[in-house]
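K.L.:
Sequence first, then the predicted structure:
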Amino acid sequence: MALRGDIYRLFESVVGPENISDDPAVLRSYMYQPFGAKEGVWADISPAAVIMPSSTEEVVAIAKICNRYGIVFKAMSTGWGMHNLPGVEGAVSLDLRRMNRILEIDEKNMYAVVEPHVICMQLQVEAMKKGLNCHIIGAGSNTSVLASATSVVGYGPDGLSMGFSGRNLLGVEWVLPTGDVLKLGSLGADSGWFCGDGPGPSLRGIMRGWEGAWGGLGVFTKGAVKLFHWNGPTELEMKRTPPNYVLKEPLRFFKVSLFSFSTIEKLAEAALKLGEAEIGYFISRLSPSFVGLQLASGANYVATWNTGMLQQMLKYAFLFVIFANSEREFEYQQKLLAQILEETDGQTSPISETKEMQEQTSTAVIKVDAVVRSCFRTTGGFNTSFGSMDTVDLAMNQIKAGTELKDKYINKGVIMDDGGDNSATLAFDQGHLAYTEMLIMYDHHDRDSAEGACQYLAESNQACLDKKLGPPIFQISQIGKGKHGAFGPACFNYDSWLRKIKGEFDPNNTSDPTAYASPE
Amino acid sequence: MILELKDYVGDMKRCARCSLCKWPPLAQMKSWRFSNNCPSIARYNFHSYSGGGRMALGLALAEGRLDEITDELLNIVYRCTACGACDSSCKYNAELEVLWPIYSTRAHLVGMGYLLPEHSMIIESLRKEDNTMMQPKADRGKWAEGLDVKDLSKGEKAEVVYHAGCLYCYDPELSAIARDTVTLLKEAGVDVGIRGSQETCCGSIAFQLGFQGEFIKFAESNIDDWNAAGVTEVITSCACGFGIMKSVYPLLGKEMKFKVLHITQYLDELIKQGKLKLSRSLSMRVTYHDPCNLGRKSETYVPWKGEEKKVLGQFILREPEKIVHRGWNGIYEPPRNIIRSVPGIHLVEMERIMEYSWCCGAGSGVKQTMNDLALWTASERIEEAKSVGSEAIITACPWCERNFKDAITEAGDNLMVYDIVELVRQAL
């Protein structure tokens, strides 16, 4: 649905002619996303225009025009995933790419203030220069810092030591769906960015709650995030080692290990004990398939997989990384780890000590730069399931349910045979919370595969309800428009709260509700 | 034909839309300021202007999903220096072809009759005058007037032919470098000749703009001429010429009885053999700019032909296994070796180097047809050179040098620009 000429010109007057387009070629490129659980890669609905504001003031002006003329808007930062696209006809996309500045790194108070299009890697390299580091979500360092902090989930395996994006968020500048600007936390009391919860209003729960509003509650234009101590060099030098770049020199007091366990219960026990011990930098389930794909070309991977070696070595495994501040602390953490492994019958996987594994994994753990390699390279299509954040035990139940369900679809041949258990991630916040996703790879250009993936995702959602495994992370917004309604009754009718929030903050329903909720 | 959009549908379909094409390989990112790798997306910002955006449009074209070819589509397709940075960054993780689908999209549009008028002028100049500079063919050999060098087009014989390339032949400021190059080679005892007014364009711009018929004509003609001249080596100091001769000429299937070398490779060897002695000290802090066509784009391209098989359910296995061109095997060390051989000189590296080097902005006809994009891109590189405290930027391509000089003049800057041959001449 085309935008009326006079309205287009109003937007144009805000951002300038070079920063708005309704050209079919531009719009078509924005409709491409490989996550679709249906055949093909194109979203059904085209934005009416793409607008690129460069400041809060421009976002405000755009939101006000939208409210005046009943135009729905949807903002995106890096734009990876179907949830970035408008779900209604006639909506405009706000591509926040021009809002890409790191506004401040406060070394003393250990936080950074960023705009929406700053990616994790940009922040990390600047933070490291000051002896600091930032949490990077599991999707990779090519994603927006602000988006995961304000709007979309925010878990990553370094969360063991660096928390969860939603918790790491401090002061926020928020352009509400109406175009009004709300400043949260200390920023709201004109006291700087240092705190998310006061002095000044704390609306963290309303603003994002557990998983964020996925762009359904306006636009977050600036935000401060916590930074953490970095004990490595201020710049990490790399060398080429096919297929990736790896650290030129190993880091001091840094140790990557892959452990395997005889049962999933033992694995869970070890994860819990490690959390209680409050040691470690990074922890994640790593499936045999995920590890194999990190290290090998396609043909080599298939050949290795067919020997069964990977599956045998890494059946119930996780990757654990120690990164200590001193020799003494390093030894302490290693001793504790050894004790926990002894108590849980954990074994160091033979693959763990190989040069390839050490080099590539060390880099991937810090930089989180190789996710695409394991998730998209094999089939082109990727999606994920389960993922409610709760306890380690619940995460294990999600893995069991997901593996059982996936086996059915693997046996049908419609999704990639990755051994079934291709769960990623584990505990965060020093083990106080846990989380896992069950990954699937499929060919989104193959009708049977795409439909199979779609059925799996629907069934996995149902399993979350039937087995009381918590709301799934992605499916609510990705394919299951309105899935909040399905999970609400099972979870204290939270969906009615979302609708009330939406009604209060967005009376004209201007901020695209598709991935969030419509007013009651 | 070499460029067929349908050959890349598999790659385009598997674009993850992850935006890795917009950044240097993430592990190689060193600062926020210089964290872009693609001039096009950095300048125009719409996702469409990235490697991934162009893949999406290429796929839409191949699948007949675009109802009309708009001017903006042509802008998206051509406001790109085809520097290949997107390609190198993608292959670090996803191993997809990105650059060749861009070339192929251009060829597809040319095949449909959609051309930019400015590009038509370049191609007309090629057809009529054998050069892309819209200059008379008869003047091509003027740069070498007065040089005591063999002219192979007149039947003289030499072991080595020096191919100057269009820009060195016709740019009066730069043609001195071509003269210096020949002089250097002669001083080192190399049996070198040129083809004077009979030298023709390498076809690089025609190829990159999607005019593959024109490209093939010029490439085949050059191969035939060099074979007929009986030379064992073709040396060029134009990185664009070198890149196309190394990476694409072999795909034509014609026997090439000669080796293609860039002047930096040749000079590096001559210095190592002691045939050129750099004794004069040049006290200067310099940085080196890797030309895209000498670096990541100079690997001989091997298009994947084979069968995609589904194994392990939906795992798409390519048989035979695809050769992944990461740009890691470009010519990176010879120019650096030469610079380090100059007494007194201090070489400092910029943040974006080698296979993730930032483009100078001149490539793929952009300098001739979209000079604003070319100059903006160059200005970004100049800022990067200055950020490491460099007094001069050294390069090994006339297009890079021309564009840097123009950008510096426009900005009123004082950074010096040298071709590596100029540096060697000064140090002798």
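P.N.:
Happy to help now that I have it.
K.L.:
which regions of the stretch 101-250 of chain A lie under the pLDDT threshold?
P.N.:
Regions of the stretch 101-250 of chain A meeting the criterion pLDDT under 70 are absent.
K.L.:
Show me where it has its strands.
P.N.:
Assigned strands in the stretch 101-250 of chain A, in chain order: A:102-106, A:111-114, A:132-133, A:169-175, A:181-184, A:219-226, A:228-229, A:238-241, A:244-247 (criterion: DSSP state E, counting those that start in this stretch).
K.L.:
Of all these, which one is nearest chain B?
P.N.:
Set against chain B and scored by C-beta to the nearest C-beta, the strands of the stretch 101-250 of chain A come closest in strand A:244-247, at 4.2 Å. All C-beta atoms are positioned from the backbone trio N, CA, C, and that covers glycine.
K.L.:
Show me what the closest one packs onto, helices and strands only.
P.N.:
Strand A:244-247 is packed against strand A:238-241, helix A:355-367, with contacts defined by 3 or more C-beta pairs under 8 Å, 6 or more residues apart in numbering or on different chains; DSSP states H and E.
K.L.:
Could you look over the ones you listed and pick the most buried one?
P.N.:
Across these, the average number of neighbours (mean count of other C-beta atoms under 10 Å in any protein chain shown) peaks for helix A:355-367, which reaches a mean of 20.
K.L.:
Spell out which residues of the stretch 251-400 of chain A are next to chain B.
P.N.:
Within the stretch 251-400 of chain A, the residues that sit near chain B (C-beta under 8 Å from any C-beta of the partner chain) are A:297-299, A:302, A:305, A:363, A:367, A:369-373, A:375-380, A:382.
K.L.:
Throw together a ChimeraX command that grabs the buried residues out of the residues you listed.
P.N.:
If you want just the buried ones from these in ChimeraX, going by 16 or more other C-beta atoms under 10 Å in any protein chain shown, the selection is:
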select /A:297,298,302,305,363,367,369,370,371,372,373,375,376,377,378,379,380,382
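K.L.:
Just the ones of the residues of the stretch 251-400 of chain A next to chain B in helices?
P.N.:
Restricting these to those inside helices, with DSSP state H as the criterion, leaves A:G298, A:A299, A:V302, A:W305, A:T363, A:K367, A:V371, A:V372, A:R373, A:C375.
K.L.:
What is the nearest of those residues to A:N244?
P.N.:
Taking C-beta to C-beta as the measure, A:N244 lies nearest A:T363 of those, at 6.7 Å.
K.L.:
still on that earlier bit, can I get the ones in helices among the residues of the stretch 251-400 of chain A next to chain B in JSON lines with distance to B:N222?
P.N.:
Compiled in JSON lines, those are given as follows (distance: C-beta to C-beta, whole Å):
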{"residue": "A:G298", "distance to B:N222": "37"}
{"residue": "A:A299", "distance to B:N222": "37"}
{"residue": "A:V302", "distance to B:N222": "42"}
{"residue": "A:W305", "distance to B:N222": "47"}
{"residue": "A:T363", "distance to B:N222": "43"}
{"residue": "A:K367", "distance to B:N222": "44"}
{"residue": "A:V371", "distance to B:N222": "44"}
{"residue": "A:V372", "distance to B:N222": "39"}
{"residue": "A:R373", "distance to B:N222": "39"}
{"residue": "A:C375", "distance to B:N222": "44"}
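K.L.:
how far away is A:F386 from A:A268?
P.N.:
Separation of A:F386 from A:A268 (C-beta to C-beta, to the nearest Å): 15 Å.
K.L.:
These two - which one has more neighbours?
P.N.:
Legend: neighbour count by other C-beta atoms under 10 Å in any protein chain shown for A:F386 and A:A268, higher for A:F386 (29 against 24).
K.L.:
SS state for the nearest residue to the more buried one once chain neighbours are set aside?
P.N.:
Closest residue to A:F386 in three dimensions, ignoring its sequence neighbours and counting by C-beta to C-beta, 6 or more residues apart in numbering or on different chains: A:Q398, at 4.1 Å. The local conformation at A:Q398, judged by DSSP: H, G, I helix; E, B strand; the rest coil, is helix.
K.L.:
Any idea how many residues pack against A:Q398?
P.N.:
A:Q398 has 28 nearby residues by other C-beta under 10 Å.
K.L.:
A:E278 now?
P.N.:
13.
K.L.:
Am I right that A:M438 falls within a strand?
P.N.:
Yes. Residue state for A:M438 (three-state DSSP) corresponds to a strand.
K.L.:
now A:C195: how far from A:L146?
P.N.:
From A:C195 over to A:L146 (counting by C-beta to C-beta), the distance is 17 Å.
K.L.:
Tell me which of the two has more neighbours.
P.N.:
Set side by side, A:C195 and A:L146 show more neighbours around A:L146, with 28 against 21, by other C-beta under 10 Å.
K.L.:
Quick check: that one touching A:E115?
P.N.:
Yes. At 6.9 Å, A:L146 counts as touching A:E115 under the criterion of C-beta atoms under 8 Å.
K.L.:
okay, which residue is most central for chain B?
P.N.:
For chain B, B:N293 is the residue whose C-alpha lies nearest the centre (C-alpha atoms, centre = their mean; 2.7 Å).
K.L.:
what's the closest non-adjacent residue to that residue?
P.N.:
The shortest distance from B:N293 to any non-neighbouring residue, by C-beta to C-beta, 6+ apart, is to B:G243 (2.9 Å).
K.L.:
helices or strands next to the one helix or strand the one you found maps to in the packing?
P.N.:
When secondary structure is defined by DSSP states H and E, B:G243 falls within helix B:239-247. Counting contacts by 3+ C-beta pairs under 8 Å, 6+ apart, helix B:239-247 is packed against helix B:204-208, strand B:233-236, strand B:259-262, helix B:398-411.
K.L.:
from the middle of its chain, how far away would the second one be?
P.N.:
In other words, strand B:233-236. 16 Å (C-alpha atoms, centre = their mean, to the nearest Å).
K.L.:
Next: stretch B:73-89.
P.N.:
Distance of stretch B:73-89 from the chain centroid (C-alpha atoms, centre = their mean) equals 13 Å.
K.L.:
distance between the ends of that stretch?
P.N.:
End-to-end span of stretch B:73-89 (C-alpha to C-alpha, to the nearest Å): 24 Å.
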